[in-house]
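Chemist: make a model of this:
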Amino acid sequence: MYVGDPGFLLVILAMILGLIASAAVQRTFTRYSRIDAHLGLTGAQTARKILDNYGLTNIEIEQVQGRLTDHFDPRSGVLRLSGEVFGSRSVAAIGVASHEAGHAVQHAFKYKPAQIRGALVPVANLGSQLLLPLMFAGFAFQAFNLFLIGAVLYAGALAFHLVTLPVEFDASSRAVKYLEGTGSLTSEDLGGVKKVLRAAAMTYVAAALASLANMIRLILLGRRR
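Modeler: Sure, this is the predicted structure:
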């Protein structure tokens, strides 16, 4: 069925890249979780200092369950850090906490790509959920309109993943800039932080490529009808 289907091959390659990126971030995070940074602060304390530096004293920091579940919730104005980041003084914890604090700063100062990504969340969720049902229904009932609706909705998911890239890169850039400004980290510490953040960024690149591959396959399938 998939012999000679370049779209399907693109999807498989993107999936493999995603698995490689996910394994890389796990491996890098684990490695630098074992090395304490010279900053002398926990992930939570580092995030607090960054937020306070920008006058964001109203943003709370909470600990959450799970591994690499760290995120900033703009709806509640809460920065949530996993246990391995919240109370750890490791290079990995400092990097991840600073990155998430960067997202809070983006939200506070209305960083445009972050606003666009937030607006695309419901469209992306809907597109991801309805794509397969609409495709199957379109093929089963020979209803090209259903297939087309699915493709349009999925375009919203693709846009979400694409706009996520500058948002994530900017948050990491803010994190590194702040940490460099403290002068409290060695070059080895900063190098470790950058490696952790680069590995994490690759998972977003892989997700964007996977969405792009799926979109290309949808277009190719549509042209065959």
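
Chemist: contacts and neighbour counts: CA atoms only from here.
Modeler: Fine.

Chemist: low pLDDT regions in the protein?
Modeler: By pLDDT under 70, the low-scoring segments of the chain are 1-7, 130-132, 134-144, 146-147, 221-225.

Chemist: residue boundaries of the strands in it?
Modeler: Per DSSP state E, the chain carries strands over the ranges 60-64, 71-73, 78-82.

Chemist: which one of these lies closest to Thr30?
Modeler: Checking these against Thr30 by C-alpha to C-alpha gives strand 78-82 as the closest, at 13.6 Å.

Chemist: and that closest one, what does it pack against?
Modeler: Contacting strand 78-82 under the criterion 3 or more C-alpha pairs under 8 Å, 6 or more residues apart in numbering; DSSP states H and E are the following elements: strand 60-64, strand 71-73, helix 91-108.

Chemist: next, the angle from that strand to strand 60-64.
Modeler: Angle, strand 78-82 to strand 60-64, by axes from the mean of the first three to the mean of the last three C-alpha atoms, to 10 degrees: 30 degrees.

Chemist: direction included, what does strand 78-82 pair against?
Modeler: Taking DSSP bridges as the criterion, strand 78-82 sits next to strand 60-64 (parallel), strand 71-73 (antiparallel) in its sheet.

Chemist: now that strand, how far from the chain's geometric center?
Modeler: Distance of strand 78-82 from its chain centroid, counting by C-alpha atoms, centre = their mean, to the nearest Å, is 15 Å.

Chemist: just the CA trace of it, in CSV.
Modeler: Extracted in CSV, the C-alpha atoms of strand 78-82 (Å, rounded to 0.1, in the frame of the first residue of the first chain):
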residue,chain,number,x,y,z
VAL,A,78,2.1,29.6,37.6
LEU,A,79,5.5,28.2,36.7
ARG,A,80,5.6,24.4,37.4
LEU,A,81,8.8,22.5,37.8
SER,A,82,9.3,18.8,38.1
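
Chemist: hmm, who's touching that strand?
Modeler: 44, 59-73, 97, 100-101, 104 (C-alpha atoms under 8 Å, 6 or more residues apart in numbering).

Chemist: and it with helix 91-108, angle?
Modeler: Interaxial angle, strand 78-82 versus helix 91-108 (the same axes, to 10 degrees): 160 degrees.

Chemist: picking that back up, JSON lines please, covering the helices and strands packed on strand 78-82 and showing mean neighbour count and distance to Asp52.
Modeler: As requested, those are exported to JSON lines (neighbours: other C-alpha atoms under 10 Å; distance: least, C-alpha to C-alpha, whole Å):
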{"stretch": "strand 60-64", "mean neighbour count": "16", "distance to Asp52": "11"}
{"stretch": "strand 71-73", "mean neighbour count": "19", "distance to Asp52": "15"}
{"stretch": "helix 91-108", "mean neighbour count": "26", "distance to Asp52": "10"}
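
Chemist: unless I'm mixing things up, Ser90 is touching Ile35, no?
Modeler: Yes - using C-alpha atoms under 8 Å, Ser90 is in contact with Ile35, at 5.3 Å.
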